[in-house]
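J.: Attaching a predicted model along with its sequence, questions to come.
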Amino acid sequence: MKRKRTRPAIRRAKKEEGKNFFLKWAAALFAILVLLAVGANLNNSQKYPADFCANSISCIKDLSGKFEERQANGVFLGNSISIPTMLAKLKEPSAVLGETTKEKKIYIDLSAQRLLATEDGKIVYEFLISSGKWAPTPTGTFRIWSKLRYTRMSGGDPAIGTYYNLPNVPFVMYFHNEEIPKTRGFAIHGAYWHNNFGHPMSHGCVNMRIEDVAKLYAWANPPVSDENTTYATKDNPGTEVVIYGETPNE
């Protein structure tokens, strides 16, 4: 004859059942998260081959940040373009004065082709951008690792008319994370070769109007140094950059 379980025994059994259910649920959730992470890595590996670099010249061979004198012409989409003389006259940016303890973040919405800069959650800047059209702009959370006053950017494919070779690209802010290393050469930077901001126009980087990116360059961490190149450090990390959404298929 079976003995009836007492109320304390019943309570213990129910408690054990609840504990087992929670453990199974947590294990299932963990498995889903792992699969999502693996899927994201596979997706990015499909986006970017092992030897892919957003800018073949600047990945990452010249980090001097120096202005190239006597450069009158560049190439964009296979066509020769005149380089504005005003590039040589751009004012040297200086660090924005004020609180340095405020949390700064840059949000880039690819769907809207817009950039927001925030301090402690409050918007301080909002600008139009142009993200990747001929190569995708990566999504995720990144950090600025270096800031260059100027650099030369080159890439694309002459065979299909996407080749570009552009000296003296101003106010360059390279960003990276564990998935997208520094050698990929992705950056936020000024663009003098088009004025179609608010629409995709790049080979993977984030293009901005020169007057807009100059403000962002001075505002973002690491603070601008007296040198042409400024590096982030452990004690002085670069501003976080969050890129999300999907670039319109234009």
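T.: Done, it's in.

J.: looking at it, Lys105 is touching Ile243, isn't it?
T.: No. If you go by C-beta atoms under 8 Å, Lys105 and Ile243 don't touch, sitting 11.5 Å apart. No exception for glycine: its C-beta is placed from N, CA and C like everyone else's.

J.: More neighbours: these two, which one.
T.: More neighbours surround Ile243 than the other of Lys105 and Ile243, with 22 against 16 (other C-beta atoms under 10 Å).

J.: partners of the nearest residue to that one once chain neighbours are set aside in the sheet?
T.: Spatial nearest neighbour of Ile243, excluding adjacent residues (C-beta to C-beta, 6 or more residues apart in numbering): Ile108 at 4.5 Å. On the basis of DSSP bridges, Ile108 is bridged to Leu115, Ile243.

J.: Okay, Ile108 and Leu87: tell me how far apart.
T.: According to C-beta to C-beta, to the nearest Å, Ile108 and Leu87 sit 24 Å apart.

J.: For Leu63, which residues are in contact?
T.: Contacts here follow C-beta atoms under 8 Å, 6 or more residues apart in numbering; on that basis Leu63 touches 146, 148, 151, 229.

J.: Mind giving me the PyMOL command for buried ones among the residues you listed?
T.: Here is the PyMOL command that selects the buried residues among the contacts of Leu63 (16 or more other C-beta atoms under 10 Å):
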select buried, resi 146+148+151+229
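
J.: Of the contacts of Leu63, which belong to strands?
T.: The strands, defined by DSSP state E, take in 146, 148, 151, 229 from those.

J.: Report the two of these separated the most.
T.: Using C-beta to C-beta, the ones in strands among the contacts of Leu63 span at most 10.0 Å, a distance reached by Ser146 and Thr151.

J.: Following the chain past the lowest-mean-pLDDT helix or strand in the chain, name the next helix or strand.
T.: When the helices and strands of the chain are compared on mean pLDDT, DSSP states H and E, helix 7-47 comes out lowest with a mean of 50. Where DSSP states H and E defines the elements, the next helix or strand beyond helix 7-47 is strand 73-76.

J.: Pull out the buried residues from that next one.
T.: In strand 73-76, counting by 16+ other C-beta under 10 Å, buried: 74-76.

J.: Same list, those residues, but as a markdown table with pLDDT please.
T.: Below are those laid out as a markdown table (pLDDT from 0 to 100):
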| residue | pLDDT |
| --- | --- |
| Gly74 | 94 |
| Val75 | 95 |
| Phe76 | 95 |
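
J.: need the residues you listed in CSV with distance to Tyr164, can you?
T.: Formatted as CSV, those follow (distance: C-beta to C-beta, whole Å):
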residue, distance to Tyr164
Gly74, 8
Val75, 6
Phe76, 5
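
J.: of the residues you listed, closest to Asp212?
T.: Among those, and counting by C-beta to C-beta, the member closest to Asp212 is Phe76, at 19.4 Å.

J.: Run a quick check on the closest one versus Thr162, I expect a contact.
T.: No. Counting by C-beta under 8 Å, Thr162 is not a contact partner of Phe76; they are 9.5 Å apart.

J.: Show the end-to-end separation of stretch 121-134, please.
T.: Criterion C-alpha to C-alpha, to the nearest Å; first-to-last residue distance in stretch 121-134 is 33 Å.

J.: Which parts of this protein belong to which domain?
T.: 7-46, 73-244 (automatic domain parsing).

J.: Same list, the ones you listed, but as JSON lines with distance to Phe67 please.
T.: Output for the domains of the chain, formatted as JSON lines (distance: least, C-beta to C-beta, whole Å):
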{"stretch": "domain 7-46", "distance to Phe67": "34"}
{"stretch": "domain 73-244", "distance to Phe67": "5"}
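
J.: Give me whichever of those is most buried.
T.: Each of those was scored by mean neighbour count; the highest is domain 73-244, a mean of 18, by mean count of other C-beta atoms under 10 Å.
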